[in-house]
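Visitor: Whatever this is, show me its structure:
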Amino acid sequence: MIFKSSGVSMQPTLNPRAEQKDWIFVSRWLGIDYKIARGDIVCLSSPCNPKETLVKRVIGLEGDIIRTLSYGKTFVSIPKGHMWVEGDNNKQSFDSNRFGPVPVGLLVGKATHIFWPSSRFTVLDHMSPPTRLPMNKSV
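Guide: Numbering: from 1, shown residues only. You can find the predicted model right below:
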């Protein structure tokens, strides 16, 4: 599936310049079996508006304890069947820090490549920001 990424929440990974939008390839097959890992960039239906699709990085999976950035609690234990997602630009991201853990059933797929503009063609990195590692896991 091809998806146009817009907005600033995943900067600098996606859309590093606000006027330029990245087109990404999203594998539904990699998401359909919920074979996701911390650090993956995923597309998911917004838990607040099902007509909206979000692009975020997976920070935590079920069983992880996450130190939140601005959620109502300082620490959250991710329940079974859920994940914690954040934008790379967390100061301008509508993510789990606003709406909490997300059911994996909202997952649309895993973003694997930027393919347009051609000057930005690349495989998307699979990295967990060192400052965002779960409290009970090491990656």
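Visitor: Check which element follows the lowest-mean-pLDDT helix or strand in the chain along the chain.
Guide: None of the helices or strands of the chain scores lower by mean pLDDT, DSSP states H and E than helix 28-32, at a mean of 58. Toward the C-terminal end, the helix or strand that comes next after helix 28-32 (DSSP states H and E) is strand 41-45.
Visitor: Give the other helices and strands that that following strand contacts.
Guide: Here strand 41-45 touches strand 53-61, strand 107-116, going by 3 or more C-beta pairs under 8 Å, 6 or more residues apart in numbering; DSSP states H and E. (Each C-beta comes from the backbone N, C-alpha and C, glycine too.)
Visitor: Rebuild those strands as CSV, extending it with mean pLDDT and mean neighbour count.
Guide: Formatted as CSV, these follow (pLDDT from 0 to 100; neighbours: other C-beta atoms under 10 Å):
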stretch, mean pLDDT, mean neighbour count
strand 53-61, 92, 24
strand 107-116, 84, 19
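Visitor: and of these, who's closest to Lys4?
Guide: strand 107-116 (8.9 Å; C-beta to C-beta).
Visitor: Would you give the sheet partners of that closest one, along with the direction of each?
Guide: Taking DSSP bridges as the criterion, strand 107-116 sits next to strand 22-27 (antiparallel), strand 41-45 (antiparallel), strand 122-123 (antiparallel) in its sheet.
Visitor: Thanks again, I'm all set now.
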